[in-house]
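K.L.:
Need a 3D model of the sequence below.
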Amino acid sequence: MQRMSLRQVIQRSTPYETWRAPLHPTLRHTAWISGAILLLQLLVVACQPLLLALADSWFFLLFSPLVQTPLLWLHAMQLFWLLVLSGFGLLYVLLGLLTRGFQDGRAGLHWATASVILAGTLLGLALTVMLFAVILNLIIWLGLLCIALLGMLGVLSLLFRRAA
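P.N.:
Here you go, the predicted structure:
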């Protein structure tokens, strides 16, 4: 067995803070999803005037306040919201580069990735409420359209039966 001095052990060792370790697969996948949520939030901010006009229209049969309230708040704080999303987006891209596409990184980068995931999750909660209201109203409108089409087909079939 080879003997080593303490100096040789220190020279050959790697401090924990600089040791690169692979990111856990769940952390990696969640980081990608969080990035998609951040991009979707930027899209919502970019389309905010269109969404606000849609929220004031006849489209929302149910849960109109669930969509209007966050959009009005977003309109009032649009510059702040853009700065926050841009900052998190820049941090997300920087972390993606430093961790080689969220593959591996030092311990501090693991914690930074977890914080970006938390921020994306919290920002996505408001988006989830709005999307829930939009999708529910879209389903209602599609149901009404199907009922109207079935009614028209029924009327047409009655007309053709009487004509024949």
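
K.L.:
Okay, helices next: where are they in the chain?
P.N.:
6-12, 25-46, 48-55, 64-76, 78-98, 107-163 (DSSP state H).

K.L.:
what comes into contact with the first one?
P.N.:
In this case it means helix 6-12. Contacts with helix 6-12, where a contact means CB atoms under 8 Å, 6 or more residues apart in numbering, come from Met4. No exception for glycine: its C-beta is placed from N, CA and C like everyone else's.

K.L.:
Convert stretch 55-70 to PDB, retaining C-alpha atoms only.
P.N.:
Output of stretch 55-70 as PDB, limited to C-alpha atoms (Å, rounded to 0.1, in the frame of the first residue of the first chain):
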ATOM      1  CA  ALA A  55     -61.500  39.000 -21.800                       C
ATOM      2  CA  ASP A  56     -63.900  42.000 -22.300                       C
ATOM      3  CA  SER A  57     -65.700  40.300 -25.200                       C
ATOM      4  CA  TRP A  58     -68.500  37.700 -25.200                       C
ATOM      5  CA  PHE A  59     -66.200  34.700 -25.400                       C
ATOM      6  CA  PHE A  60     -66.100  34.100 -21.600                       C
ATOM      7  CA  LEU A  61     -69.400  32.600 -20.500                       C
ATOM      8  CA  LEU A  62     -67.900  31.500 -17.200                       C
ATOM      9  CA  PHE A  63     -65.000  32.600 -15.000                       C
ATOM     10  CA  SER A  64     -64.500  36.000 -16.800                       C
ATOM     11  CA  PRO A  65     -63.100  37.600 -13.600                       C
ATOM     12  CA  LEU A  66     -60.500  34.800 -13.300                       C
ATOM     13  CA  VAL A  67     -59.000  36.000 -16.600                       C
ATOM     14  CA  GLN A  68     -59.700  39.700 -16.300                       C
ATOM     15  CA  THR A  69     -58.200  40.200 -12.900                       C
ATOM     16  CA  PRO A  70     -54.700  38.800 -13.700                       C
END
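
K.L.:
residues of that stretch that come out buried?
P.N.:
Buried residues in stretch 55-70, defined by neighbour count with 16 or more other CB atoms under 10 Å: Ala55, Phe60, Ser64, Leu66, Val67, Gln68, Pro70.
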